[in-house]
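Novice: Let me see the structure of the following:
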Amino acid sequence: MSRVVDLWLRRDRTRTARYGRGRRWKAVRTDGRGGEVTRTFRTKDAATVWAHSATVATAPVTVAEWAGTWQGRQVHQRARSRETIRLRVEGDILPVLGGRRLDSLTRADVQDAVLAWTEKGLAPATVRLSYRYLSSMLREAVLEGIIPVSPAVRIRLPALPSEPVEVLTVGQVQQIADTIAPWARDAVLVAAATGLRPGE
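Specialist: Sure thing, here's the model as predicted:
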């Protein structure tokens, strides 16, 4: 986020130790990688123009560089989940997009990555997982101001195979209810009679 700071006067209009010496106005803007770039100017107008200029070059951030930062922030995930993220990022995302600059990615690039993973022979569920991590990385890059919008929108993903549902017969349900621990018998009968999902 860009801003301009008065180096001579504080907000309450009292003088700073630098009052009257050197350039008065400091312009601050993000460098696109989580850091800041500063420059001082004699006038507030010049500082404001530089701070808010979209033409000032920022340090390039590649997908690989951002992936490392993003992975380091996944502290809320369990150890196994972080390992899964690492495997999908290093095995799927980086080989296809790692060298690309974040700000150059297009929706077509993301769609091509999904196609490459599919042609590589990854299962549809794995492709969807890799895409979910890529999409999350790009959303966070938007929040950090590195890219204006995420290119991971309306991406076509491979369909998940539909598995046939095997419905238990009344006899099979009765056999389970008769052999399971007595305290769980009612749960078996209620689940079979109502069609509750396991999570319910």
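
Novice: top helix in the protein by residue count?
Specialist: Longest helix in the chain, counting residues (DSSP state H): helix 124-143.

Novice: What residues of that one count as buried?
Specialist: The neighbour-count check on helix 124-143 (16 or more other C-beta atoms under 10 Å) flags T126, V127, R128, L129, S130, Y131, Y133, L134, S135, M137, L138, A141 as buried. All C-beta spots, glycine's among them, are computed from the backbone N, C-alpha and C.

Novice: send the alpha carbons of that helix over as PDB?
Specialist: Output in PDB follows, covering the C-alpha atoms of helix 124-143 (Å, rounded to 0.1, in the frame of the first residue of the first chain):
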ATOM      1  CA  PRO A 124      -9.300 -36.300 -11.500                       C
ATOM      2  CA  ALA A 125      -9.300 -35.900  -7.700                       C
ATOM      3  CA  THR A 126      -5.600 -35.200  -7.700                       C
ATOM      4  CA  VAL A 127      -6.000 -32.600 -10.500                       C
ATOM      5  CA  ARG A 128      -8.700 -30.900  -8.500                       C
ATOM      6  CA  LEU A 129      -6.500 -30.900  -5.400                       C
ATOM      7  CA  SER A 130      -3.600 -29.300  -7.300                       C
ATOM      8  CA  TYR A 131      -5.900 -26.700  -8.800                       C
ATOM      9  CA  ARG A 132      -7.300 -25.900  -5.400                       C
ATOM     10  CA  TYR A 133      -3.800 -25.200  -4.000                       C
ATOM     11  CA  LEU A 134      -2.900 -23.100  -7.100                       C
ATOM     12  CA  SER A 135      -6.200 -21.100  -6.800                       C
ATOM     13  CA  SER A 136      -5.500 -20.500  -3.100                       C
ATOM     14  CA  MET A 137      -2.000 -19.200  -3.900                       C
ATOM     15  CA  LEU A 138      -3.300 -16.800  -6.500                       C
ATOM     16  CA  ARG A 139      -6.100 -15.500  -4.200                       C
ATOM     17  CA  GLU A 140      -3.500 -14.700  -1.500                       C
ATOM     18  CA  ALA A 141      -1.300 -13.000  -4.100                       C
ATOM     19  CA  VAL A 142      -4.300 -10.700  -4.900                       C
ATOM     20  CA  LEU A 143      -4.800 -10.000  -1.200                       C
END
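
Novice: just checking, what packs against it?
Specialist: Using 3 or more C-beta pairs under 8 Å, 6 or more residues apart in numbering; DSSP states H and E, the elements in contact with helix 124-143 are helix 63-72, helix 79-88, helix 107-119.

Novice: where's the last one relative to the chain centroid, distance-wise?
Specialist: Looking back up the chat, that one is helix 107-119. Counting by C-alpha atoms, centre = their mean, to the nearest Å, helix 107-119 is centred 17 Å from the centre of its parent chain.
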